[in-house]
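Novice: Starting from these lines, generate the structure:
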Amino acid sequence: MKNIESLCDLFDMVGCDATFYDLGRHITKITPQQIIQFDRKQQAYPFPFRQCAWLACFLKSKDSQKKDARDTGVVWFIKLPLDEAGCLNLGTRDHFIKSIVDKILHKGEAAGLSEALEDNPYVFKPDQERMASFHAILATNVNGERSVYFQDVIDYLTNTALTEDQDEWQKLGLQGIAELAVKVNEENFAALILKAIKQAPAPLVSALCHALEHETLPNELISAITEKLLQEQDSLMQASYLRALSRSELDDALLLPLFAILGSVNECSDEQTHPIAALAAKCPHWLAKNPQLLRIVMEKLAHRNDAYVAFRQVSSELSQHPETRQPLWDLFRSERISPSLAQAISHLFTQTPTSVQ
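Specialist: Numbering: from 1, shown residues only. This next block holds a predicted model:
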């Protein structure tokens, strides 16, 4: 048996074609070139999130004789740590490979693929929203099939006077909402999405926004969501709108509601942490593009009375992201920051762990 030196080698060994998706910040299909580069540590992982690579591996048998209409493939959800340079940690990757090879070899290919990840420490389970969006995106890419929930969502948005709706939206499934979101650039469905954003009850709008964060939105929808963001007072809904817009480019139309939401740099309520968390987790490219926006976010976190917990978490995430790493360090070295931010930065580098995890 040849040496197994990468994830691609592993899947070749068991006779599978593997398609990779990143499930970290957004759901993104990874190109074959990107796979080779990060798998062999030739380049940093292209989509780092919380210092890990969050991978969905869709596996299909290469053997045409074993393929039939019932072969829907197998999906592995694996989380692999990244090193300080944002590259795949080869030691943990090799440990992952070693931990499953024996199961695959001993149980046989069919059983091994579905059972190889049992009790594996590198497995993760996406939350319900992320899982629904992934299945919608995967189905679109593979066979275009829709779930039974899709038509329920279409019927609701087509036939219901949304402003008069009381509780009908509660009968809709997340899977149907996710399947509508992947069709955002198809004219008929885009019109229904626009109607929902403008008129539907807030919980439905929020779920739709979370599904839309994985898509590139048409300009009309971007404008409508930006307008809703400018009018919104609820911090959780503000965060939802930011998530929906997170694959858009930062422009002057977006800066106005962003600065209005953030407000004074000298205070940061618990409610304001919701849009700030959305900015840091989903929109680091905005913070990288606008140093003033980055400074306001970090100043506000430095003024929180939480022992710098939120400041430390956001700093850690942004320092690991390739676009925000340098702007963050430039801010930390700047002389034009408040004493509170300077103290938070000092605490970041002088704190001593109180326990070993």
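Novice: Give me the mean pLDDT for stretch 18-26.
Specialist: For stretch 18-26, the mean pLDDT works out to 96.
Novice: what's the answer for stretch 177-190, then?
Specialist: pLDDT averaged over stretch 177-190 gives 96.
Novice: now swap in stretch 280-293 and tell me
Specialist: Per-residue pLDDT values over stretch 280-293 give a mean of 96.
Novice: cool, and stretch 334-346?
Specialist: 94.
Novice: list the buried ones in it?
Specialist: Buried residues in stretch 334-346, counting neighbours by 16 or more other CB atoms under 10 Å, are found at Ile337, Ser340, Leu341, Ala344, Ile345. Where you see a C-beta, it was placed from the backbone N, CA and C, and this is true even at glycine.
Novice: helix, strand or coil for the fourth one?
Specialist: Here Ala344 is recorded as helix under DSSP: H, G, I helix; E, B strand; the rest coil.
Novice: Now for the nearest residue to it once chain neighbours are set aside: which residues touch it?
Specialist: Of all residues beyond its chain neighbours, the one nearest Ala344 is Ala302 (3.7 Å), with distances taken as CB to CB, 6 or more residues apart in numbering. Taking CB atoms under 8 Å, 6 or more residues apart in numbering, we find Ala302 in contact with Tyr308, Phe311, Ser338, Ser340, Leu341, Gln343, Ala344, Ile345.
Novice: can I get the residues you listed in TSV with distance to Val75?
Specialist: Formatted as TSV, these follow (distance: CB to CB, whole Å):
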residue	distance to Val75
Tyr308	39
Phe311	36
Ser338	47
Ser340	46
Leu341	43
Gln343	46
Ala344	41
Ile345	42
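Novice: Which pair of those spans the longest distance?
Specialist: Tyr308 and Ser338 (14.1 Å; CB to CB).
Novice: the bottom helix or strand of the protein by mean pLDDT?
Specialist: When the helices and strands of the chain are scored by mean pLDDT, DSSP states H and E, helix 109-115 comes last with a mean of 62.
Novice: following that one, which helix or strand comes up?
Specialist: Heading C-terminal from helix 109-115, the first helix or strand you meet, by DSSP states H and E, is helix 128-142.
Novice: Please point out which parts of that next one sit buried.
Specialist: For helix 128-142, the neighbour count (16+ other CB under 10 Å) marks Glu129, Arg130, Met131, Ala132, Ser133, Phe134, His135, Ala136, Ile137, Leu138, Ala139 as buried.
Novice: Could you do stretch 315-326 as well?
Specialist: Here stretch 315-326 shows Ser315, Glu317, Leu318, Ser319, Gln320, His321, Thr324 as buried, counting by 16+ other CB under 10 Å.
Novice: What residues does the fourth one make contact with?
Specialist: Going back to what we said before, that points to Ser319. Arg325, Leu328, Trp329.
Novice: Using CSV, lay out those residues together with secondary structure, pLDDT and distance to Gly263.
Specialist: Below are the contacts of Ser319 laid out as CSV (DSSP: H, G, I helix; E, B strand; the rest coil; pLDDT from 0 to 100; distance: CB to CB, whole Å):
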residue, secondary structure, pLDDT, distance to Gly263
Arg325, helix, 93, 27
Leu328, helix, 97, 21
Trp329, helix, 96, 26
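Novice: Closest one to Arg93 out of the residues you listed, please.
Specialist: Nearest member of the contacts of Ser319 to Arg93, counting by CB to CB, is Arg325, at 22.7 Å.
Novice: wait, isn't that closest one in contact with Leu318?
Specialist: Yes: in this structure, Arg325 is within contact of Leu318 by CB atoms under 8 Å, at 7.2 Å.
Novice: and Cys268, what does it touch?
Specialist: So Cys268 contacts Ile276, Lys300, Leu301, His303, Arg304 (CB under 8 Å, 6+ apart).
Novice: Chain neighbours aside, what residue packs nearest to the last one?
Specialist: Leaving aside its sequence neighbours, Arg304 sits nearest to Cys268 (CB to CB, 6+ apart; 4.7 Å).
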